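Chemist: could you look at this predicted model? Sequence included:
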Amino acid sequence: SRCAFRGLFPRPLMFYFGRYFATGNNPAKREQYNGLWQYPSFRSVNRIITIVWGVAYIGEVILRAIMAYTLPIPVVLAVSPFLLGGITIATVAWTIAYVRRSAQREADAP
């Protein structure tokens with residue numbers, strides 16, 4: 001499925017989300033952010049983040065399907081709203097920590 005979207009997005013999807021949150025509507029900051037793509041470590045971080053988010057949401061769909069077939073409907077309806085929120089919060093927290101660790105590794109590199 002990654003190849004199916006490759007033509008739509010020349011860079012990993014999270015690059016575009018990251019750029020939006022990091023630069024807003026500031027054209028100078030946007031160009032600076034785009035320039036970071038030249039660094040292999042920046043590209044790697046964006047690819048890993050995109051993969052992790054994709055796996056998290058695919059896992060969420062699988063978990064919902066399992067719940068739908070194995071749990072009573074009232075339980076599924078009660079748990080479902082918290083599932084998406086919990087996965088999203090956990091993935092955001094992981095992303096922030098991963099970006100910080102990656103930036104620190106880059107700063108510590110000779």
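Modeler: Looks like it came in fine.
Chemist: next, the buried residues of the longest helix belonging to the chain.
Modeler: In the chain, with assignment by DSSP state H, the single longest helix is helix 73-108. By neighbour count on 16 or more other Cβ atoms under 10 Å, the buried set for helix 73-108 is 87, 91, 95, 102. The C-beta positions use only the backbone N, C-alpha and C, and glycine is treated the same way.
Chemist: run a quick neighbour tally on the nearest residue to residue 95 once chain neighbours are set aside.
Modeler: Nearest non-adjacent residue to residue 95, counting by Cβ to Cβ, 6 or more residues apart in numbering: residue 49, 5.7 Å away. Residue 49 has 22 neighbouring residues, counting by other Cβ atoms under 10 Å.
Chemist: returning to what we had before: now do the longest helix of the chain: distance to the chain's middle.
Modeler: Relative to its parent chain, helix 73-108 has a centroid offset of 9 Å by Cα atoms, centre = their mean, to the nearest Å.
Chemist: which other helices and strands contact it?
Modeler: helix 40-70 (3 or more Cβ pairs under 8 Å, 6 or more residues apart in numbering; DSSP states H and E).
Chemist: buried ones in the helix it packs on, by neighbour count?
Modeler: Burial within helix 40-70, assessed by neighbour count using 16+ other Cβ under 10 Å, is assigned to 42, 45, 46, 49, 50, 53, 54, 60, 67.
Chemist: need those residues in CSV with distance to residue 108, can you?
Modeler: Converted to CSV, those look like this (distance: Cβ to Cβ, whole Å):
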residue, distance to residue 108
42, 16
45, 15
46, 20
49, 20
50, 25
53, 26
54, 29
60, 34
67, 43
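Chemist: name the nearest of those relative to residue 31.
Modeler: Closest approach to residue 31 among the buried residues of helix 40-70 (Cβ to Cβ): residue 42, at 14.6 Å.
Chemist: give the closest residue to the closest one in space, chain neighbours not counted.
Modeler: residue 36 (4.5 Å).
Chemist: so the one you found makes contact with residue 46?
Modeler: No: counting by Cβ atoms under 8 Å, residue 36 stays clear of residue 46, with 9.0 Å between them.
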